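Asks: Sequence plus the predicted model coming up.
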Amino acid sequence: MGGGSAGWLTAGVIAAEHCVGSNSAVDGNPQSDGFQLILVESPDISTIGVGEGTWPSMRSTLQKMGISETKFFRECSASFKQGTLFSNWLGGEKQDSPDSYIHPFTVPHSYADTNLAPHWQLIRDQVNFADAVCPQSALAEGHQAPKKISTPEYAFQLNYGYHLDAGKFAELLRAHCVDKLGVTHIKANVEAINSAQNGDIASVVTDSAGVIEGDLFIDCSGSRSLLLGEHYQVPMCSKQKYLFNNTALAAQVPYASPEDPIQSFTLSTAQSAGWIWDIGLPSRRGVGHVYSDAHNTEERARQELLAYIEASAGKQAADQAMVRKIQFDPGHREKFWHKNCVAIGMSAGFIEPLEASALVLVELSAAMIAEQLPANRETMDLVAKRFNDKFLYRWDRIIDFLKLHYILSEREDQYWQDHRDGASIPDHLAEQVALWRHQSPWHRDTAHVDELFPSASFQYVLYGMGFETQRSATERRSEQQAYQRAGNLFQENAKRTQQLQASLPTNRELINKIHTYGLQKI
Ligand SMILES: Cc1cc2nc3c(=O)[nH]c(=O)nc-3n(C[C@H](O)[C@H](O)[C@H](O)COP(=O)(O)OP(=O)(O)OC[C@H]3O[C@@H](n4cnc5c(N)ncnc54)[C@H](O)[C@@H]3O)c2cc1C
């Protein structure tokens, strides 16, 4: 239920895995897995229309669904996202001279077996962490692409996700799901729910397409969460005590010239009580201010946003900006799968888009349903329990990681001081940070093989924000042994960086070529 990014991604992931039948295929086609997938979407309630940054995981999600990357670039106004560039987050005494650091999508050189962080501590005055261990951040300045036109679809020289137009993305997914994957699309408003004797949802009642029965109902109805929230009354767990932002002002900004450079990174610039995102698509930029309404007025937040637009695109762009306000309660449902209903997307929860973690949760939720689709009603509760445990854990890790960005800031505004207040820091994160003061983040920190954020992500944020790890005696010993090897790895990274800088095109050059010639199919 729901035809936003969550609904169509979920439908596509499940349909691609299971060879869903159309009506006739379910009845007779031996190729079909024997079930039908129906997506019902309101013709009256629009989608949220934001959500323009993805993780690299989106590449394999699209590939598994059988979508051509060339078509995706052409139809979704897509560009490359290679990570996030944080500007002015450290602040403090340095507020007059903007500070910045990058969290790139590529892990440090030789990350599988060598932790370069302790070695970098010795040269931290000469080179920033990201530049020392990974080529990606150096490419940001030249707005360079992570691949060439000769690199096949979905392959890369440097890991990447996407920036995209959310409305066009939902439309591409819809056409693909319906035309290629056998998903049935019904445009109607769900108005009531019929319950079965065991409390399951037996069917949903629509205004114009009759009653739709089903075995499993996936609630992608957006923040109203009509099935899990309204029908089942599964409550929200507010996370506002950790992450205060609850309002966004979003605008679209034209480029001054059609040949202006396209940023390789989502640019995130800290403000008095929040931050401004800046996403470069080929045709326009998406810019928005996320803030806490307990710390800022709408008027002041709007002024900060318009001042940002004016500084980067000129007065005319600021004067003409159509600003849209979106409010949200930061948090997630107490559980996501209840009876025969599972919520995905905004209906499951939402927390500020600082590391664009919403769509990746949609991809992971859909993939888990597709992989573990219950064979019958008896096993559904077991799968539901696994699902709930896994995603509750993931939400906690997302909250930890987002909060980390705030607690190391030296900015003095009340909002930033409140973020540093110990009462607002989750215990798990506080414990990790205490450890990291004496040992740098590493593979040993992660409890699960499929952890959302690798220790590399924590390294990039911590050391980007100027965090110091006092090297332990063990680290110093192993450092001496590995000193020569680490030195070689830093040199190899510097050399590879130069090679890539010399050989990779700019984002705009490559995107123009993709539009004209297309990428090679794998
Ligand atoms: C300011 C902001 C910035 C964001 N930035 C990012 C980002 O950079 N990266 C990222 O990953 N995520 C981001 N997100 C989150 C992302 O936008 C959402 O996770 C994503 O768009 C999925 O939304 P959705 O499909 O769950 O909901 P929606 O888009 O709201 O879709 C809900 C659907 O349900 C349907 N519906 C509702 N009621 C009924 C009914 N009664 N009957 C039938 N159908 C019904 C509607 O018609 C609609 O199709 C951002 C969110 C916000 C608020």
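Replies: Done, it's in. Just so we're clear, the structure is a prediction, and the values are computed from it rather than from any experiment. Residues are numbered from 1 along each chain as shown.

Asks: from here on, contacts and neighbour counts on C-alpha atoms
Replies: Will do.

Asks: how close does the residue nearest to H515 when sequence neighbours are not counted get to H443?
Replies: Leaving out its chain neighbours, the residue that sits closest to H515 by CA to CA, 6 or more residues apart in numbering is R74, at 5.8 Å. In this structure, R74 and H443 are 38 Å apart, going by CA to CA, to the nearest Å.

Asks: isn't there a helix covering the residue nearest to H515?
Replies: Yes: counting by DSSP: H, G, I helix; E, B strand; the rest coil, R74 falls inside a helix.

Asks: For it, the count of nearby residues, please.
Replies: Other residues near R74 number 16, with proximity taken as other CA atoms under 10 Å.

Asks: same deal with the one 4 residues further on?
Replies: Other residues near A78 number 27, with proximity taken as other CA under 10 Å.

Asks: That one is in contact with L164, isn't it?
Replies: Yes: contact between A78 and L164 holds when scored by CA atoms under 8 Å: they sit 4.3 Å apart.

Asks: quick one: common contacting residues for those two?
Replies: L281 (CA atoms under 8 Å, 6 or more residues apart in numbering).

Asks: So which residues on the chain come close to the ligand?
Replies: 1-7, 40-42, 45-54, 188-191, 220-222, 248, 345-347, 353, 356-359 (CA under 6 Å from any ligand atom).

Asks: Take the residues you listed and keep only those in helices.
Replies: Among these, the ones falling in helices (DSSP state H) are S5, A6, G7, S357, A358, L359.

Asks: Roughly how far does the fifth one sit from L364?
Replies: With distances defined as CA to CA, the gap from A358 to L364 amounts to 10 Å.

Asks: Next: the second one.
Replies: With distances defined as CA to CA, the gap from A6 to L364 amounts to 11 Å.

Asks: The two: which has the busier surroundings?
Replies: Counted by other CA under 10 Å, A6 and L364 do not tie: A6 has more neighbours, with 30 against 18.

Asks: Kindly provide the distance from the closest residue to the more buried one other than its chain neighbours to W8.
Replies: Spatially, and ignoring its direct neighbours in sequence, A6 is nearest to G345 (5.1 Å; CA to CA, 6+ apart). Computed as CA to CA, the G345 to W8 distance reads 11 Å.

Asks: swap in S357?
Replies: As for S357, its distance to W8 is 17 Å (criterion: CA to CA).

Asks: Looking at the two, which one has more neighbours?
Replies: Taking neighbours as other CA under 10 Å, S357 and W8 compare with W8 leading, 26 against 20.

Asks: so that one sits right up against C177, yeah?
Replies: Yes: using CA under 8 Å, W8 makes contact with C177 at a distance of 7.4 Å.

Asks: For the stretch 51-200 of the chain, which segments count as strands?
Replies: 79-81, 83-87, 100-104, 161-163, 184-187, 190-195 (DSSP state E, counting those that start in this stretch).

Asks: Same question for the stretch 201-350 of the chain.
Replies: Along the stretch 201-350 of the chain, the stretches classed as strands by DSSP E, counting those that start in this stretch are 201-206, 211-213, 217-219, 236-238, 247-253, 266-271, 274-280, 285-291, 324-327, 331-333, 337-338, 341-343, 349-350.

Asks: Those into JSON lines, with extra columns for mean pLDDT?
Replies: JSON lines is the format used below for the strands of the stretch 201-350 of the chain (pLDDT from 0 to 100):
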{"stretch": "strand 201-206", "mean pLDDT": "98"}
{"stretch": "strand 211-213", "mean pLDDT": "97"}
{"stretch": "strand 217-219", "mean pLDDT": "98"}
{"stretch": "strand 236-238", "mean pLDDT": "98"}
{"stretch": "strand 247-253", "mean pLDDT": "97"}
{"stretch": "strand 266-271", "mean pLDDT": "97"}
{"stretch": "strand 274-280", "mean pLDDT": "98"}
{"stretch": "strand 285-291", "mean pLDDT": "98"}
{"stretch": "strand 324-327", "mean pLDDT": "97"}
{"stretch": "strand 331-333", "mean pLDDT": "98"}
{"stretch": "strand 337-338", "mean pLDDT": "98"}
{"stretch": "strand 341-343", "mean pLDDT": "98"}
{"stretch": "strand 349-350", "mean pLDDT": "98"}
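
Asks: Output the ones you listed in TSV; the columns should cover distance to L90 and mean neighbour count.
Replies: Output for the strands of the stretch 201-350 of the chain, formatted as TSV (distance: least, CA to CA, whole Å; neighbours: other CA atoms under 10 Å):
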stretch	distance to L90	mean neighbour count
strand 201-206	49	19
strand 211-213	53	15
strand 217-219	39	24
strand 236-238	27	16
strand 247-253	22	22
strand 266-271	9	23
strand 274-280	12	25
strand 285-291	17	25
strand 324-327	27	13
strand 331-333	26	21
strand 337-338	39	22
strand 341-343	37	23
strand 349-350	25	23
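
Asks: Tabulate those strands (CSV), appending distance to A145.
Replies: As requested, the strands of the stretch 201-350 of the chain are exported to CSV (distance: least, CA to CA, whole Å):
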stretch, distance to A145
strand 201-206, 46
strand 211-213, 46
strand 217-219, 37
strand 236-238, 39
strand 247-253, 22
strand 266-271, 14
strand 274-280, 13
strand 285-291, 17
strand 324-327, 31
strand 331-333, 35
strand 337-338, 40
strand 341-343, 36
strand 349-350, 30
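
Asks: of all those, which lies closest to P135?
Replies: Nearest to P135, of all those, is strand 266-271, at 17.1 Å by CA to CA.

Asks: Listing partners with orientation, what would you give for that closest one?
Replies: strand 83-87 (parallel), strand 274-280 (antiparallel) (DSSP bridges).
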